[in-house]
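Visitor: Need coordinates for the below:
(2 chains)
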There are 2 protein chains.
Amino acid sequence: VKPSEDNSSLLWAFLSSYLPNDEKSIQKLFVQRVEYDLALTHEQLKANKKEQFVAYALCVRDRLIERWKDTELFFDKHDVKRVFYLSLEFLLGRSLTNAVDALNLSDNFERSFRNLGIDMENVSDQETDAGLGNGGLGRLAACYLDSLASCNYPAWGYGLRYQYGMFHQMIKNGYQVEVPDFWLRWGNPWEIERFDVQFPVQFYGRVTERPNPDLTASPDDATLYSWEGIETVMAVAYDVPVPGHDTFNTINLRLWSSKPSKEFDFNLFSSGDYFAAIENKQKSETLTSVLYPNDNNSAGKELRLKQQYFFVCATLKDIIKNFRKKEINILRLHEKVSIQLNDTHPSMGIAELMRVLVDEEQVPWKAAWEVTTKVYAYTNHTVLPEALEKWSVGMVGYLLPRHLQIIYKINHHFLLEVEEFWQGRNVDIHYIKRKLSLIEEDHDKKIRMAHLAIVGSHHVNGVAHIHSELLKTNLFPDFYQIFPSRFTNVTNGVTPRRWIKQANKELGLLLNETLGEDWIKDTTLLAGLRSHAKDREFQKKWRTVKHKNKKRLAAYVRKELGISIPVAALFDVHIKRLHEYKRQFLNILSVIWRWKQISGMTLDERADVLPRVVIFAGKAAPGYYVAKLIIKLISIVAEKINNDPDMEGLLSVIFFPNYNVSLAELLIPASNLSQHISTAGMEASGTSNMKFAMNGCLILGTMDGANIEIREEIGHKNMFIFGLLAHEVDEKRRAMYRGEIAMPNSLKQVLDLIEEGTFGEFPECKQLLDTIRHNNDYYLLSVDWESYLEAQNQVDKAYKDSHKWTRMSILSTAGTSKFSSDRSVQEYAERIWNVQPYPRPGPVVIDTRQ
Amino acid sequence: VKPSEDNSSLLWAFLSSYLPNDEKSIQKLFVQRVEYDLALTHEQLKANKKEQFVAYALCVRDRLIERWKDTELFFDKHDVKRVFYLSLEFLLGRSLTNAVDALNLSDNFERSFRNLGIDMENVSDQETDAGLGNGGLGRLAACYLDSLASCNYPAWGYGLRYQYGMFHQMIKNGYQVEVPDFWLRWGNPWEIERFDVQFPVQFYGRVTERPNPDLTASPDDATLYSWEGIETVMAVAYDVPVPGHDTFNTINLRLWSSKPSKEFDFNLFSSGDYFAAIENKQKSETLTSVLYPNDNNSAGKELRLKQQYFFVCATLKDIIKNFRKKEINILRLHEKVSIQLNDTHPSMGIAELMRVLVDEEQVPWKAAWEVTTKVYAYTNHTVLPEALEKWSVGMVGYLLPRHLQIIYKINHHFLLEVEEFWQGRNVDIHYIKRKLSLIEEDHDKKIRMAHLAIVGSHHVNGVAHIHSELLKTNLFPDFYQIFPSRFTNVTNGVTPRRWIKQANKELGLLLNETLGEDWIKDTTLLAGLRSHAKDREFQKKWRTVKHKNKKRLAAYVRKELGISIPVAALFDVHIKRLHEYKRQFLNILSVIWRWKQISGMTLDERADVLPRVVIFAGKAAPGYYVAKLIIKLISIVAEKINNDPDMEGLLSVIFFPNYNVSLAELLIPASNLSQHISTAGMEASGTSNMKFAMNGCLILGTMDGANIEIREEIGHKNMFIFGLLAHEVDEKRRAMYRGEIAMPNSLKQVLDLIEEGTFGEFPECKQLLDTIRHNNDYYLLSVDWESYLEAQNQVDKAYKDSHKWTRMSILSTAGTSKFSSDRSVQEYAERIWNVQPYPRPGPVVIDTRQ
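Guide: Got it, this is the predicted structure:
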């Protein structure tokens, strides 16, 4: 009998139905997952919380898949312009709570599972953080996905599926030890392995040329090139559904994983050494296995470049393949596709798209370049020189020979444009060209990826107002002159779903009660809190929320670290990557000063001291020596202070190891004060400052990054701002180098205490202290020291006035309207991508239970 | 609200229900799999046959899991003695057809899917062979699992989950090229990853000693040892359900995969080199990734020893953990556990069990040894010296320091026993001890794993009558003297489910029609064919079956290799690993002789020639130079003959690349004649001879391995037996070496033809031909040459008499009653393991569809 096509419409009907969400149905499907996917008995399930989590997550995923698939079909049907957010990092953290919340099924699920003897909170604690990012940049990408989905944009994220995410940080004898984080040990129930989406990616090899048979071709197109690599690695897609909140839309995050190629690389087998051939295959499999653990720093390693190319090559193949389903003419790509480059990490995609268009699609160079620059937009995330990616020309030429040619040609055309722009003006055109060139012509020639990204994009944005201004004035002023309209700003944002509603349930409920429930999709409503700021009753509720969160944190600290902290104390939190420019060093030095002050007090005087718990958390890049010494210093100071009976109840210092998203979700709602004290002009934006403020935590900070805009919203009076301004920094630094700035005496005393061994053995301390001594204090700690101490005094004073503090706290939250990532992605969509929201209508529920 | 334990009985009720198997339910669950596991749309599914297969397989797996889980609970409830079949190889091939057949759901599934537009046969062709074995040994293990399940034994298989199974063989320019077989590219729907079953396995390190505080301990136990490894690798379990036929039982095959340890190996991190630490972790992950592609040959590589220890360590941890669920006293282990060692590959398990008992459980040495020898039994698979595993003492001492100590101690006690046995008799006891010692005291000291396996087991068996006799008389005669009752025979068998019913559907139907359906579980009924052997009507039906299978093969050969073969010709098949002792060389030489004969004939004479298609298939170990030259020779001869117009319709030669289980399932039912022509005394058993005979294929063979028992069953007249007998071989070989045996002239002529380049370029041919020239013909091709040619003449003659041949063919099948693996496992169960069958009662079907 021939298969009948007619009957297969049955399949279609089943596929378009949705799972029922009543208690019994949820339970039944849960049990099906336990039996048919995990193949566990009841006893085995009871004994294993990890498996309970997995079964739970699979049930949630089922519902996400329904929405996800129908969202995709909906976008497809409307043939919408799409935006693709390319990022080497997505710091997702945990997903269960967010997914259940997005589905609006929290109550149903909790009830259903409680009656099966399974406790939601216990289960969600079993989830391993997906730590596929270093810090702010990766977490931003995760927040943006949440907002893109929630605001109904036809967007996808693209990234890499590292097997080892951000390392697990342990502290041994005060030093950071990096332990590989094999986060997939228990599998990842959120991902769907897409065996049907696999692309080959090639490396190395050579470029062959042939004359263009079309004799009318322009000089740019007179020669045709084709590149044949000699190593092929397969990119296999793993899809992670990203649910929107208050919408039926669910979008996709596609992560690529490297797999051995199915191609028979005969050059590998010619040796006849079977095991060597297998080893080669295995090596290709590990291409994407490790996330480079460098934040704001580029290591210049070949493997990293391979990861980047692997990423953009597979992503473009996928984007073009999907584009081709509807549209044949590749010259219209930009009408349907917008690609955002999150930092320069994916910027080789510019050369890759040119290669595909020119070499594979035989598009003339000029037309190809027009399409390319209309497709790409680039977000810059840093002004630090060490973070600007540059790839050795030799390495690129070896690994990606054709791309090097293309970059040279892009540069050639660009420099002609530069010449034309400056023509007839009295300037050193040679000097300008050297500065602007995509190729840095120093001893070792390098490709400046930021220049490639700027030249190849239609928009370049910074991530906070001050940062975007600095791009125009300090980092890329010559580009700004040539392409003034290309430069713009989109201030970062964070998702209020995760950072208020889920991390701080109590606050979420209080906001609902006070403002109604719409604040979560329209954060401008948070401004409504202002009218309650002085209301004593409301203040009391506000403090109760904070108190509960602090209690929760204190219990966790006791359980995990064995340290008791007084809940009534001011919780002063400094959590972010360890970096000299972020100045954790300044903070711990001030803690020593505080300790010295209290030590010298009479008992009566001590009675007036505001109790403080100073909490640090953050990871140092494994190769960042000074940052690791700062961790050591914090650790030994903490050890000393926490064991000093004079400090009992007055001062505690905690270094919380292994900072990650889940820890942030616990710490932020529980903090009273948070520190964002980078040297002015160095922090692009910061996003944790936004999260803290949203949670009613006051900010102690410098005029840097998003602090400036937060201050505009919240008001100077409600923050503790200190230190140099960005435009003062260069001059001060020069004065410092000239020996014109003396280190304050109090700071000297602190350094002496460390050097004398007051806090125990610290053989490398001289190397750390020398980073700010001998007129060598690049990050200007000594310049900001006194104003920092004064700001800290203001904090003490303010906290003692509970009503005042509570008012400031309420006004902090009230002033964060602007910092929702919903606002950010809307700005991107309107000003950069030119894409529209497409909310999917709700599903037609067909009951197929019969 | 506290989770309520009462309500969780609900979970239990759901778990014990079974999925409905009516058409609509099957379709609905299929669609659920498509949507919620593969997350595909209807269009995507239609476009992708691989994914159709996966969804199909998952639906089948659902039903296996139900049986599998309930079988385990049933065994558990009855606290049965269990048997564990430990094998480094399981050559499963494809599973879909077998599983559907075992579930007795072929009709339901076919109908259900046909109506969804999906064709069963197409889909099952999408399955990748699971090639986790080299040849006979691995396929035997797979057949035994089928029989253990079907005969209701409480058995589990244990093995390794290689990422790269047996290599994919390609033929380039006549030479074998080995391509890694990344068989998991599309995932493996049959396995369930058991994240909850993970064990650490350690390597290297050192042993510490301390005196036993118990002063009454025997001298053997005066010192306590403990081993601390310095590398830890996790073993994660993957479970594969193995369904029984005509029973509700479904048993488990547990395969271990290596994963990075969760332990923080701080010695790895002391260097502070994060990437080096990750590389180390990755290395541990690849421990189980490659199957060693050596058949009947031990390579002595450290990685292989690591695989073996990894395997037995994890397996014993698992077995003991499960044993402990019911029974605390480890001294009763043998009452509940029997372990079969499939060859010496898992024999390090003997030392490992001693280590666990003595070091970890603090059992006295003597008691531990008693338990150990009661637990283990050992199957020997070979008499070839190069296949007997020996591990360098230095390597074992480095990798497994404690195991080396234990092996020395086992040896010490054993040699005392030897001395005692021979006490007072007039023998060279020193010589006997040297011969029996577990340690080979040659230049490089080695551990003789077969000796360890014999000493540590309660039974040692060969795999065919002649092989078991040779073990007693030639290979281990001194052991046999000391432990006479330990030696026994269990002739191999094969499962008639796969090898008749599934591979040869037409034959299965004819057998049902003729004998009723019970032959599949009771192969003694096959003898009933004898009464039909001369029945012309039945003969016709018999030939029709064969004809259909030959047509199917011819179509496949045309499609895959572009060669047309005449279906009326005699299909003469020689498929097995390439090995000098298996003498594919002899076969191809005789083909050349035949070609020469036909070439010299007149047209009239040619009219009398029986048309033949000679088919070879088989893989050579990558390092086996001579075997690879034989492939080259076959290839060039085939090329010549197939393009020789004189041979048109008379002689074709095929080398079918990449022999595997699925190809065997196609070739065997389509063959008329099959060759099993090893030098007598060298093939332990062979199992393909049984499969061929079952499918009515006549055997051309030597008196070796199971051929001898097949001859007893089928009768000498119905086979083509030739060549030396085993007991004649040694004497003939000595005569050969003494130059007393002249190479037959015809054979010389054949060699000359090759050397003259008649078949084209073959620069290495001298090296191949020299293996049988210059009185150096170890495998005695020249001795058997003439009787082989004569036997071939007999074949020609017999085939021309269609009735005679058909009678012989029917009698072949009729004579295979004994060779069902059901009979083999019953013998093991009764004579070696002492375990009983436990058929599970059928399920209580609860309808939970509501």
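
Visitor: use CA for all of it now, contacts and neighbours both
Guide: Will do.

Visitor: burial count for A:Pro841?
Guide: By other CA atoms under 10 Å in any protein chain shown, the residues close to A:Pro841 number 12.

Visitor: any idea how far A:Asp76 is from the residue lying closest to it once chain neighbours are set aside?
Guide: Distances taken as CA to CA, 6 or more residues apart in numbering or on different chains place A:Phe248 nearest to A:Pro841, at 6.9 Å, with adjacent residues excluded. According to CA to CA, to the nearest Å, A:Phe248 stands 16 Å off from A:Asp76.

Visitor: what about A:Leu316, is that helix, strand or coil?
Guide: Look at A:Leu316: counting by DSSP: H, G, I helix; E, B strand; the rest coil, its state is helix.

Visitor: Please name the residues that touch it.
Guide: Contacts for A:Leu316 (CA atoms under 8 Å, 6 or more residues apart in numbering or on different chains) come out as A:Gly349, A:Leu353.

Visitor: what pLDDT does it get?
Guide: On the pLDDT scale, A:Leu316 is placed at 98.

Visitor: can you check A:Ala503 too?
Guide: 98.

Visitor: What about it, how many residues nearby?
Guide: 24.

Visitor: With A:Asp704 instead?
Guide: Using other CA under 10 Å: A:Asp704 sits among 28 other residues.

Visitor: wait, what's in contact with it?
Guide: By CA under 8 Å, 6+ apart, the contact set of A:Asp704 is A:Ile466, A:Ser678, A:Thr679, A:Ala680, A:Gly681, A:Met682, A:Glu683, A:Ala684, A:Ser685, A:Leu725, A:Ala726.

Visitor: Would you show me how to pick out the buried ones of those in PyMOL?
Guide: Here is the PyMOL command that selects the buried residues among the contacts of A:Asp704 (16 or more other CA atoms under 10 Å in any protein chain shown):
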select buried, chain A and resi 466+678+679+680+681+682+683+684+685+726
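
Visitor: on that earlier part again, so for A:Phe248 and A:Asp76, which residue has more residues nearby?
Guide: Legend: neighbour count by other CA under 10 Å for A:Phe248 and A:Asp76, higher for A:Phe248 (23 against 16).

Visitor: Report whether the more buried one is found in a helix, as I expect.
Guide: No - counting by three-state DSSP, A:Phe248 is located in no helix; its state is coil.

Visitor: and it, what does it touch?
Guide: A:Arg67, A:Thr71, A:Pro839, A:Arg840, A:Pro841, A:Gly842.

Visitor: One more: A:Tyr398?
Guide: Neighbour list for A:Tyr398: A:Tyr204, A:Gly205 [criterion: CA under 8 Å, 6+ apart].

Visitor: and the helix or strand hosting it, C-alpha only, in CSV?
Guide: Using DSSP states H and E, A:Tyr398 sits in helix A:393-399. Output of helix A:393-399 as CSV, limited to C-alpha atoms (Å, rounded to 0.1, in the frame of the first residue of the first chain):
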residue,chain,number,x,y,z
VAL,A,393,48.0,39.6,10.0
GLY,A,394,50.2,36.5,9.9
MET,A,395,47.7,34.4,11.9
VAL,A,396,44.7,35.6,9.9
GLY,A,397,46.5,34.9,6.6
TYR,A,398,47.3,31.4,7.7
LEU,A,399,43.9,30.5,9.2
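
Visitor: which helices and strands sit right next to whichever helix or strand comes after that helix?
Guide: Moving toward the C-terminus from helix A:393-399, the next helix or strand (DSSP H and E) is helix A:401-422. If contacts are counted by 3 or more CA pairs under 8 Å, 6 or more residues apart in numbering or on different chains; DSSP states H and E, helix A:401-422 sits against strand A:206-211, strand A:223-228, helix A:348-355, helix A:393-399, helix A:429-436.

Visitor: Quick check: mean pLDDT of the third one?
Guide: Looking back up the chat, that one is helix A:348-355. pLDDT averaged over helix A:348-355 gives 98.

Visitor: Toward the C-terminus, what is the element adjacent to it?
Guide: In N-to-C order, the element after helix A:348-355 by DSSP H and E is helix A:365-375.

Visitor: okay, the angle between that next one and helix A:348-355?
Guide: Helix A:365-375 and helix A:348-355 are oriented at 140 degrees to each other (axes from the mean of the first three to the mean of the last three CA atoms, to 10 degrees).

Visitor: what's near enough to touch the spatially closest residue to A:Ala217 that is not a sequence neighbour?
Guide: Excluding the flanking residues, the one nearest A:Ala217 by CA to CA, 6+ apart is A:Pro364, at 7.9 Å. A:Pro364 makes contacts with A:Ala217, A:Ser218, A:Asp220, A:Asp221, A:Val358, as judged by CA under 8 Å, 6+ apart.
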